[in-house]
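Enquirer: Turn this into a structure:
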Amino acid sequence: MSKFVGFGNFEFLFKRDTFWLVVKQSCIFAISAVVFKALIGFIVAHFVHNVPANKQRRWRGMLLVPWVIPPAMSTLAWLWLFDPSYSAFNYTLAFFGIGRSVDRRRQLGALSVILVKRLVRVRRSS
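Expert: Numbering: from 1, shown residues only. The predicted structure follows:
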């Protein structure tokens, strides 16, 4: 068992020049990233606003694609992982002979209902 040092680690950290250098560099990076991102966003918005009306919808759509695609792909990946019929988890569990995760979920669901019912009964009686 080690000796409890309390805030000793923080004291050691706050006395180091390297720590404060890293904090300063992190703040400079964060502030400059936000400023440049906002500046680039305003410039692109200004250019898209000045595009003729018949091409403006196409340009706005092309600018939204990088913003929309990652969450959509992430959603599809999670859907594929947890699909009851042919998910990667079910394949892995079947490969090791454990069974399907859907069956496990049903068993755990029944167990959780029983536990909650017991806990509610215990609290009412006390």
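Enquirer: so where is the chain shaky, pLDDT-wise?
Expert: Along the chain, the model assigns pLDDT under 70 to residues 1, 84, 99-109, 121-126.
Enquirer: mind listing the helices for it?
Expert: Secondary structure of the chain, counting by DSSP state H: helices at 8-14, 17-49, 53-82, 88-95, 101-125.
Enquirer: how about those helices in CSV, adding mean neighbour count and distance to Ser2?
Expert: C-beta coordinates here come from the backbone N, C-alpha and C atoms, glycine included. Shown next, in CSV, are the helices of the chain (neighbours: other CB atoms under 10 Å; distance: least, CB to CB, whole Å):
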stretch, mean neighbour count, distance to Ser2
helix 8-14, 10, 11
helix 17-49, 10, 23
helix 53-82, 10, 40
helix 88-95, 13, 39
helix 101-125, 11, 37
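Enquirer: do you know how far the closest residue to Phe19 other than its chain neighbours is from Gly6?
Expert: Counting by CB to CB, 6 or more residues apart in numbering, Leu13 is the residue found nearest to Phe19 once chain neighbours are left out, at 5.3 Å. Leu13 sits 13 Å away from Gly6, going by CB to CB, to the nearest Å.
Enquirer: just Ser87 next, same as before
Expert: For Ser87 relative to Gly6 (CB to CB), the value is 48 Å.
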